[in-house]
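**Q** Okay, sequence plus prediction incoming.
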Amino acid sequence: MRYEELTGQVQAHAGLPDRQAAERALRATLETLAERVPDGVADHLAAQLPTEAAEPLREVVAGHEASPRQRTESRTRGEPFDLTAFAGRVAWRSRSSEDVAIREATAVLEVLDAAVSPELMLKVCHVLPPDIRRLLPTARATED
């Protein structure tokens with residue numbers, strides 16, 4: 001899927017007014033997701049997305065690799081935070097309210113679910129806590 005298609009789908013699913021708003025929602029959600037999941041999962045997501053969409057994921061992973069604490073240990077678990085913190089981070093990054101951030105993040109995750117392999121989305125699902133998992137499409141969120 002091309003970047004323009006990805007952002008167009010995010011714009012349509014979230015009911016956003018323009019492409020810039022969709023890009024902001026996509027970036028904010030992907031950066032926050034990259035903080036919450038293990039670096040390996042973020043890397044795999046980045047590999048299956050267009051370059052422009054992969055950039056936020058790769059930036060977060062690169063920041064972990066540059067950290068003195070992270071240099072000597074592999075980041076095999078994501079940063080532990082719940083849905084409230086997830087929404088707050090997405091809202092701060094996208095300059096929106098937490099309610100809007102939840103709606104936009106849900107749209108981004110729905111588009112991601114269709115854009116990457118089902119196996120990868122299953123991995124994403126399994127590393128997220130149940131409260132954040134609720135943002136995934138219903139069929140995926142209930143898989144165990």
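**A** Looks like it came in fine. Numbers count the residues shown, from 1 in each chain.

**Q** Can you show me the helices along the protein?
**A** 3-14, 19-36, 39-47, 51-66, 68-71, 83-94, 98-115, 118-127, 130-133, 138-141 (DSSP state H).

**Q** Now do the fourth one: which elements does it pack against?
**A** Going back to what we said before, that points to helix 51-66. Where contact means 3 or more C-beta pairs under 8 Å, 6 or more residues apart in numbering; DSSP states H and E, helix 51-66 is packed against helix 3-14, helix 19-36, helix 39-47. Where C-beta positions appear, they are placed from N, C-alpha and C, glycine not excepted.

**Q** Distance to residue 79 added to those, as JSON lines?
**A** Shown next, in JSON lines, are the helices and strands packed on helix 51-66 (distance: least, C-beta to C-beta, whole Å):
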{"stretch": "helix 3-14", "distance to residue 79": "24"}
{"stretch": "helix 19-36", "distance to residue 79": "5"}
{"stretch": "helix 39-47", "distance to residue 79": "11"}
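
**Q** could you dump those helices to CSV with mean pLDDT?
**A** Below are the helices and strands packed on helix 51-66 laid out as CSV (pLDDT from 0 to 100):
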stretch, mean pLDDT
helix 3-14, 97
helix 19-36, 97
helix 39-47, 95
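
**Q** Which among the ones you listed is found nearest to residue 130?
**A** helix 19-36 (13.0 Å; C-beta to C-beta).

**Q** can you pull the buried residues of that closest one?
**A** 21-36 (16 or more other C-beta atoms under 10 Å).

**Q** Could you do stretch 123-143 as well?
**A** Within stretch 123-143, the residues that qualify as buried are 123-125, 127-128, 132-133, 135-137, 140-141, counting by 16+ other C-beta under 10 Å.

**Q** pLDDT (mean, whole number) over it?
**A** What stretch 123-143 shows for mean pLDDT is 84.

**Q** Need the residues that contact it.
**A** For stretch 123-143, the external contacting residues (C-beta atoms under 8 Å, 6 or more residues apart in numbering) are 33, 36-38, 41, 44-45, 77-78, 82-83, 86, 102, 105-106, 109-110, 112-113, 121-122.
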